[in-house]
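In: no sequence on hand, only this structure:
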């Protein structure tokens, strides 16, 4: 039991479960999943389907944050890749053709890869601060997307392209398969090979890992490239969902929500240790919270207030200073009558304290 | 042998003087570069269009960018301490719509304006407390501030509210003219904020503490400087500047709108960086941020003159930001090597 409570995923999962329970009590149909024409429907399925773009972006963000970086440009990359893909479909003679859609997808994601490599070049080779290097693309990227779409919102009709976001395969949304595939690929790469450990070592101390023979530059470079590709896929999904390339609205603030999802999942922004499962839980929590806020009848524009409250609570819970304060509170109470059941946590407390000191 | 060294020491060549100046004032270099860019842009535009540097055009430059100037000054304080404030654009939107709402409810401007400044200060205080007392990264703390202010703006009103208060509209409509030059109270307010910012950062104990914290927080603490108070105060200053910018923008557009200033935080950060302030903190000038805002404004005006699309503004600003960052990076690595 104690092991369960101290597991790093315990609190994120509890938060998600609590949200689901509250929703189910408020409206019992929330939990129900119905089958219609062999396809599954329900609020939970919707949450899974709608979370796909954020899931992709947050996965990339997790790896970037693990290297002690941050990628602010993902929203702009989404806008560019969506604009490129839709423009290719729009200008081709056969918008409904499979070949056209395949080319559009490929080129859209390739452009995103190029943008990710550009970020990686600025950060890993030129050594620019990640927040600033990606800020450049965040500013310029939407300009590029506007240029591609000529400042208009390009709308197209193409059945195969629309299928990506809204189609169903064996009763489940196709978008869900994309996000599950991305989760599997990333976790296999990062957890079944040494790559994950190397990424963490770079995040904890880039200089020391370089001296230890880790190719820190390559790993940082790869992280931003991967983040770019995942953002490109998210951009395609987003544009497929609304069947329009909106350079201004596509992926707006998604970088902030992705960072929030990563932090909610328990990955520290200081770099180093990261958890992909935590990010998945974080994304689902954000999506569930959004659906809850909508259910409460709060206009979606006001939702940021709730997210602000969540951010504040989460960062406070993670704050080492608050932990020390809480420990002090318990330590002060124990002599009065803590009882024999109180665990003797003196050695772990001191090590954790020194750890907290070291981090600061 | 000795004679040659003597002559070299006795009569420093121009190159020597240049090297000495550069090493002593390396933190001024990015700001100089920004001034050079501004002059090149102005002269280039004048040559290209013939009617660019006109009193009317230059006066409009200050008027149109007054809100950004105020935001950039507040943000410079935060960045000088090595922090960042992403909330400024949203705070501006929140205080702007709050002001419009309060005025629409019939409150006099003399009550509404202090209230909006207080609102900005409160959000700044929240960010500052999170940053200092709970060791939250400035990025995340101000992200919470961004969400909070943007959401609150929509809580105040979901649609835009017109402002009919004569006192607020006076800020915008009054024009003090000298020949073809004109200056509005909003412009005067922005210049006043710049002047206060320059004074506080360069000539007060508080200003020196800001630079010390940005240089090395640990050293500043060991020297006994009031780190906690200063760090929290810079976020409050940024919040108050957000409130003032909200007032200026409300006067400028004649209405409060909850979607105002989406992405303005990035424009403001870009302006500060172009003005030569290092994002690592400890180096930069408020006056540089003013130059950065003017560079930004001139680029926008040039693009309007060319009749090109708005998309180019973003691309050019992004490119310019990149150039400045690379230049800064170069300067920082060189000064580190010298140590």
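Out: Received it, and whenever you're ready, just let me know what you need. Since this is a predicted model, take the numbers as computed values, not measurements.

In: nearest spatial neighbour of residue A:100, skipping sequence neighbours?
Out: residue A:92 (4.6 Å; Cβ to Cβ, 6 or more residues apart in numbering or on different chains). C-beta coordinates here come from the backbone N, C-alpha and C atoms, glycine included.

In: run a quick neighbour tally on the one you found.
Out: Using other Cβ atoms under 10 Å in any protein chain shown, residue A:92 has 17 other residues around it.

In: if you count contacts, what does the helix or strand containing residue A:119 end up packed against?
Out: Residue A:119 is part of helix A:98-120, with elements assigned from DSSP states H and E. Under the contact definition 3 or more Cβ pairs under 8 Å, 6 or more residues apart in numbering or on different chains; DSSP states H and E, helix A:98-120 sits against helix A:74-91, helix A:130-148, helix A:159-166, helix A:216-242.

In: mind checking how far that helix is from the chain centre?
Out: Computed by Cα atoms, centre = their mean, to the nearest Å, the chain-centroid distance of helix A:98-120 equals 20 Å.

In: which of the residues in that helix are buried?
Out: By 16 or more other Cβ atoms under 10 Å in any protein chain shown, the buried positions in helix A:98-120 come out as A:100-101, A:104-105, A:107-109, A:111-113, A:115-120.

In: so who does residue B:185 touch?
Out: B:170-172, B:174 (Cβ atoms under 8 Å, 6 or more residues apart in numbering or on different chains).

In: which of the residues you listed count as buried?
Out: B:171-172.

In: what's the closest non-adjacent residue to residue 256?
Out: In the absence of a named chain, chain A is used. Distances taken as Cβ to Cβ, 6+ apart place residue B:143 nearest to residue A:256, at 5.7 Å, with adjacent residues excluded.

In: wait, chain B was what I had in mind.
Out: Here the residue nearest residue B:256, using Cβ to Cβ, 6+ apart, is residue B:100, at 2.8 Å.

In: okay, now the closest residue to chain B within chain A: neighbour count?
Out: As assessed by Cβ to the nearest Cβ, chain B sits closest to residue A:140 within chain A, at 2.7 Å. Burial measure for residue A:140: 24 neighbouring residues, criterion other Cβ under 10 Å.

In: that one and residue A:100, how far apart?
Out: As judged by Cβ to Cβ, to the nearest Å, residue A:140 and residue A:100 stand 28 Å apart.

In: just residue A:304 next, same as before
Out: In terms of Cβ to Cβ, residue A:304 sits 38 Å off from residue A:100.

In: cool, residue B:45 as well?
Out: Residue B:45 is 43 Å from residue A:100, by Cβ to Cβ.

In: what residue is smack in the middle of the chain?
Out: Looking at chain A here, since you left the chain open. Centroid-nearest residue in chain A: residue A:58, 1.4 Å away (criterion: Cα atoms, centre = their mean).

In: sorry, should have said chain B
Out: Short answer for chain B (Cα atoms, centre = their mean): residue B:72, at 1.2 Å.

In: quick check: closest non-adjacent residue to it.
Out: residue B:289 (4.3 Å).

In: make sure that neighbour is actually in contact with residue B:273.
Out: No. Using Cβ atoms under 8 Å, residue B:289 makes no contact with residue B:273, being 9.2 Å away.

In: just to revisit the earlier point, for the residue nearest to residue A:256, give me the pLDDT.
Out: Residue B:143 carries a pLDDT value of 86.
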